[in-house]
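In: Sharing a sequence plus its predicted fold:
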Amino acid sequence: MTAFEEFGVMPEIGQAIDEMEWMLPTDVQAEAIPLILGGGDVLMAAETGSGKTGAFCLPILQIVWETLRDIKEGKAGKPVGHKAKPWTLSFTDRGNAMAVTPDGLRCQSREFKEWHGCRASTGVRGGKGKYYYEATVTDEGLCRVGWSTEIAALDLGTDRFGFGFGGTGKKSNCKQFDNYGEAFGKCDVIGCCLDLDRGEVSFTKNGVSLGVAFRIDGNIKGGSFFPAVVLKNAEMSFNFGETDFKHPVPEGFVAVCKVAHDNLAVNPNTGGEASTQDLKPKPNAPQALVIEPSRELAEQTFNQIQKFKKHLKDPDVRELLLIGGVNIKEQMEQRLRLLTNCKFFVLDEADGLLKQGYTELIERLHKQIPKITADGRRLQMVVCSATLHSFEVKKLAERLMHFPTWVDLKGEDAVPETVHHVVCMVDPQKDASWQAMRAHVTTDGVHAKDNVRPGSNTAETLSEAIKMLKGEYTLRAINEHQMDRAIIFCRTKLDCDNLERYLRQVGGQKYSCVCLHGDRKPQERKANLEKFKAKQVKFLICTDVAARGLDVTGLPFIINVTLPDEKSNYVHRIGRVGRAERMGLAISLVATVPEKVWYHGQWCSSRGKNCWNTQLTDVKGCCMWYDEKMYLAEIEDHLNVTIQQVDKDLKVPMNDFDGKVTYGEKRLNTGTGYKDHVEQLTPVVKELARLEREAQVLYNKRFLVAQ
Ligand SMILES: Nc1ncnc2c1ncn2[C@@H]1O[C@H](COP(=O)(O)OP(=O)(O)OP(=O)(O)O)[C@@H](O)[C@H]1O
């Protein structure tokens with residue numbers, strides 16, 4: 001039995017993991033896999049390179065496979081039934097936090113601060129007839145149930161189009177809450193009666209009539225009425241009459257599902273939603289949806305799933321990669337329409353997704369997925385990142401997740417011990433070498449029209465000097481550490497292109513490099529990344545598009561030509577090294593004086609292409625002064641560390657870290673390996689024993705004194 005199997009992973013997946021030479025689960029995997037297999041929502045915050053992808057892919061793959069097997073064996077979807085049931089709660093005409101079971105007969109909202117409502121997908125119309133349905137309180141909480149027209153607010157009873165009866169014994173319409181009947185709670189059955197002949201709404205509790213609650217305004221009486229409910233951290237189930245009612249139908253009334261065809265109203269807010277027949281699990285409908293912040297990352301996760309499923313046969317689990325480019329819209333539409341069978345919603349690099357503006361997409365997709373799946377399982381959400389401790393993520397988790405468990409090994413954003421990160425200050429006032437530089441990297445042209453020249457000490461001149469010096473320092477870092485593999489991060493696409501040209505110009509094959517950024521075509525991005533991974537080129541020059549998640553086995557070095565202005569991106573960038581217990585060195589070049597840089601905001605019509613507006617952003621220009629010293633302070637503050645500084649020769653001093661390691665290789669004499677374990681632990685154990693003795697002596701002394 002492999003170590004992973006001990007955590008509940010099935011042998012076929014265990015075999016694939018074994019072949020990938022993963023001997024033991026990482027800490028985050030050991031914690032998260034059982035939680036996900038057990039059905040929980042998980043917020044996974046763990047350092048870069050700690051194996052979060054496996055931590056969610058493995059258990060999800062397993063559950064998806066088991067579901068497919070059940071479908072194949074005819075075990076799945078039983079609760080849904082095969083008969084068409086037009087009388088259900090709507091899957092779309094509902095509040096954000098309202099969950100509806102696939103059979104459409106039970107709903108739940110776990111939002112405890114706000115009310116969330118839902119209407120049935122069908123109703124009655126025609127101004128005549130007497131209709132009845134039952135709603136049962138199936139869990140503690142606050143609820144209100146009744147009838148509403150299609151234009152009523154989902155918060156039933158808060159406008160004149162909705163008529164509700166609440167658990168506190170109040171009826172409500174038009175925000176007017178009056179005493180009515182009596183309070184009700186868990187297990188009580190509320191009968192909701194609509195008498196269109198007389199224009200009255202009344203209720204029963206456990207079969208006992210509570211009398212007329214409302215007289216319907218003549219204007220709306222002729223409209224359509226739908227069963228409606230609103231909940232606050234509560235759950236209710238519904239019977240529209242397709243199965244036996246718990247209590248006798250009041251005299252003269254009929255079950256609402258028996259409405260004559262001509263008087264049947266379809267809820268126009270449902271947008272032609274699927275009938276419940278569609279909710280029977282389909283072998284091809286997506287069961288897990290994983291959202292990634294970049295093409296490259298989506299592809300990487302996709303590849304990892306393919307590796308994990310290698311030995312999973314019959315039924316076959318199929319995976320689909322939806323990335324920008326050809327036919328994406330078509331593919332999305334086709335696939336995402338079927339989200340009614342989805343069991344897992346994963347947001348990888350969640351804080352990054354939110355920062356990139358995907359909140360709306362996430363909420364829309366979440367809304368489309370039923371919160372309880374066909375086989376009675378709750379939708380599981382997994383949200384992960386190395387920098388999950390942001391306000392936005394916490395808000396999102398509160399809104400969308402169901403009592404999530406934090407798998408958070410450090411409790412704050414942290415850099416793995418395997419990443420050695422240093423900064424080198426670039427000071428054009430102390431290092432005047434730029435004044436005599438003949439060849440240098442092409443700068444971004446921000447100062448093309450400024451009178452920048454050696455000798456003048458203007459802010460613009462120093463800013464231009466920074467740009468020139470950074471090209472040289474980058475080369476120096478490469479040479480000093482004999483880097484033959486590194487990711488080099490630049491701030492803009494233009495900076496990447498300029499550096500690429502410069503490295504090729506000065507070094508040819510010696511500095512062979514490719515670019516990865518948003519202006520390169522998808523095929524080129526893919527090819528460039530593959531070339532870099534296959535070691536056909538030494539350097540990958542990229543913007544923050546590659547900051548997150550990219551996993552290049554054994555990558556020894558990264559260089560930040562400019563620090564990111566977003567502190568979490570520093571953590572992600574430097575986390576491209578030091579992965580899977582290998583050591584890595586990250587060098588950041590930090591200007592001591594402000595640098596004027598391009599910043600093409602929303603107002604820039606070309607978004608940077610051929611834009612020469614060097615005015616500052618506060619006058620709608622496209623430049624800003626970039627203060628790296630400030631960003632460095634923010635990063636240090638965030639990580640609660642002082643980052644080691646190295647001199648301009650970029651030599652990394654020999655210390656505990658260096659000298660014992662080869663960047664790109666696993667640590668030999670430290671870490672968790674069992675080799676030399678005893679030797680390593682002996683001094684610590686001795687010290688512990690000494691402390692314990694000391695503590696005992698102290699205790700005895702005090703104890704004896706007290707006696
Ligand atoms: N249990 C394991 N044993 C050995 N290697 C592992 C194990 N789990 C993951 N890895 C390897 O560790 C590397 C990092 O894993 P992964 O990409 O999942 O990290 P991550 O936590 O998602 O990092 P990031 O936050 O940067 O996205 C990968 O190369 C992966 O193959």
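Out: It's in. Numbers count the residues shown, from 1 in each chain.
In: Please report how far residue 647 lies from residue 252.
Out: 93 Å (Cβ to Cβ, to the nearest Å). Just so you know, the C-beta spots here come from the backbone N, C-alpha and C atoms, and that holds for glycine as well.
In: quick one: contacts for residue 34?
Out: 7-8 (Cβ atoms under 8 Å, 6 or more residues apart in numbering).
In: a helix runs through it, doesn't it?
Out: Yes. Under DSSP: H, G, I helix; E, B strand; the rest coil, residue 34 sits within a helix.
In: Please tell me how far it sits from residue 104.
Out: Distance from residue 34 to residue 104, by Cβ to Cβ: 32 Å.
In: residues in contact with the nearest residue to residue 232 once chain neighbours are set aside?
Out: With sequence-adjacent residues excluded and distances taken as Cβ to Cβ, 6 or more residues apart in numbering, residue 232 is closest to residue 142, at 4.1 Å. Residues near residue 142 by Cβ under 8 Å, 6+ apart: 115, 166-168, 231-234.
In: got the residues of the chain near the ligand?
Out: Residues of the chain lying close to the ligand (Cβ under 6 Å from any ligand atom) are 22, 24-26, 29, 46, 48-54, 386, 549, 551, 553, 575, 579-580.
In: So which of these are in helices?
Out: In helices, defined here by DSSP state H, the members of the residues of the chain next to the ligand are 29, 52-54.
In: Widest-spaced pair of those residues?
Out: Greatest spatial distance among these (Cβ to Cβ): 29 and 53, at 9.7 Å.
In: of those two, who's got more company?
Out: Neighbour count, other Cβ atoms under 10 Å: between residue 29 and residue 53, residue 29 has more, with 28 against 23.
In: Check the more buried one and give its pLDDT.
Out: We have a pLDDT of 96 for residue 29.
In: Around residue 381, how many other residues sit close by?
Out: Count around residue 381 with other Cβ under 10 Å applied: 23.
In: and it, what helix or strand is that in?
Out: Element membership of residue 381, judged by DSSP states H and E, is strand 380-385.
In: and that strand, what other elements does it pack with?
Out: helix 27-37, strand 42-45, helix 52-72, strand 344-348, helix 350-355, helix 391-400 (3 or more Cβ pairs under 8 Å, 6 or more residues apart in numbering; DSSP states H and E).
In: buried sites along the third one?
Out: The neighbour-count criterion (16 or more other Cβ atoms under 10 Å) identifies 52-65, 67-68, 70-71 as the buried residues of helix 52-72.
In: Quick check: bridge partners of residue 488?
Out: residue 541, residue 559 (DSSP bridges).
In: was I right about it contacting residue 537?
Out: No. Look at residue 488 against residue 537 with Cβ atoms under 8 Å: they stay out of range, at 11.7 Å.
In: neighbour-wise, which of these two wins?
Out: Applying other Cβ under 10 Å to residue 488 and residue 537 shows that residue 488 carries more neighbours, namely 25 against 17.
In: can you tell me which residues contact the more buried one?
Out: 474, 499, 513, 539-542, 558-559, 561.
In: Could you do residue 131 as well?
Out: Counting by Cβ under 8 Å, 6+ apart, residue 131 touches 124, 193-194, 196, 225, 253-256, 259.
In: How about residue 289?
Out: 336, 339, 342, 344-346, 365, 369.
In: List just the nearest of those to residue 636.
Out: residue 346 (31.9 Å).
In: which residues of the stretch 101-250 of the chain fall in helices?
Out: For the stretch 101-250 of the chain, the helices defined by DSSP state H, counting those that start in this stretch occupy 218-221.
In: and what of the stretch 351-500 of the chain?
Out: Using DSSP H, counting those that start in this stretch, helices in the stretch 351-500 of the chain cover 359-368, 391-400, 459-480, 493-507.
In: just checking, what's the longest strand in this structure?
Out: strand 130-139 (DSSP state E).
In: tell me the mean pLDDT for that one?
Out: On average, strand 130-139 scores 96.
In: Give the burial count for whichever residue of the stretch 601-707 of the chain sits closest to the ligand, as a bare number.
Out: Here the stretch 601-707 of the chain gets closest to the ligand at one residue, residue 666, 10.4 Å apart by Cβ to the nearest ligand atom. Neighbourhood size, residue 666 [other Cβ under 10 Å]: 14.
In: repeat for residue 94
Out: Neighbour tally, residue 94, other Cβ under 10 Å: 24.
In: Next up, phi/psi of it, please.
Out: phi -150, psi 160 (degrees, to the nearest 10).
In: And residue 403, by the same measure?
Out: phi 40, psi 60.
In: where does the protein have low pLDDT?
Out: 76-85, 271-283, 324-338, 373-376, 654-660, 668-678, 703-707 (pLDDT under 70).
In: rerun that using 50 as the cut-off
Out: 79-84, 272, 274-279, 326, 671-673 (pLDDT under 50).
In: ok now the helix ranked longest in the chain, how far from the chain's centre?
Out: Using DSSP H to define each element, the chain has its longest helix at helix 677-706. Chain-centre distance of helix 677-706: 46 Å, with Cα atoms, centre = their mean, to the nearest Å.
In: same check, this time on stretch 261-273
Out: On Cα atoms, centre = their mean, the centre of stretch 261-273 falls 35 Å from that of its chain.
In: now what about that stretch, what contacts it?
Out: Stretch 261-273 is contacted by residues 90-93, 119-126, 128-129, 150, 224-226 when judged by Cβ under 8 Å, 6+ apart.
In: ok and the residue in the stretch 551-700 of the chain nearest the ligand?
Out: Closest residue of the stretch 551-700 of the chain to the ligand, Cβ to the nearest ligand atom: residue 580 (3.3 Å).
In: Please name the residues that touch the residue nearest to that residue when sequence neighbours are not counted.
Out: In space, and not counting its chain neighbours, residue 580 is closest to residue 49: 5.9 Å by Cβ to Cβ, 6+ apart. In this structure, residue 49 makes contact with 416, 418, 551, 575, 578-580, judged by Cβ under 8 Å, 6+ apart.
In: what sits in contact with each of residue 488 and residue 537?
Out: Residues touching both residue 488 and residue 537 (Cβ under 8 Å, 6+ apart): residue 513.
In: how close does the closest residue to residue 191 other than its chain neighbours get to residue 299?
Out: Distances taken as Cβ to Cβ, 6+ apart place residue 204 nearest to residue 191, at 3.5 Å, with adjacent residues excluded. Here residue 204 is placed at a distance of 58 Å from residue 299 (Cβ to Cβ).
In: Thanks a lot, see you next time.
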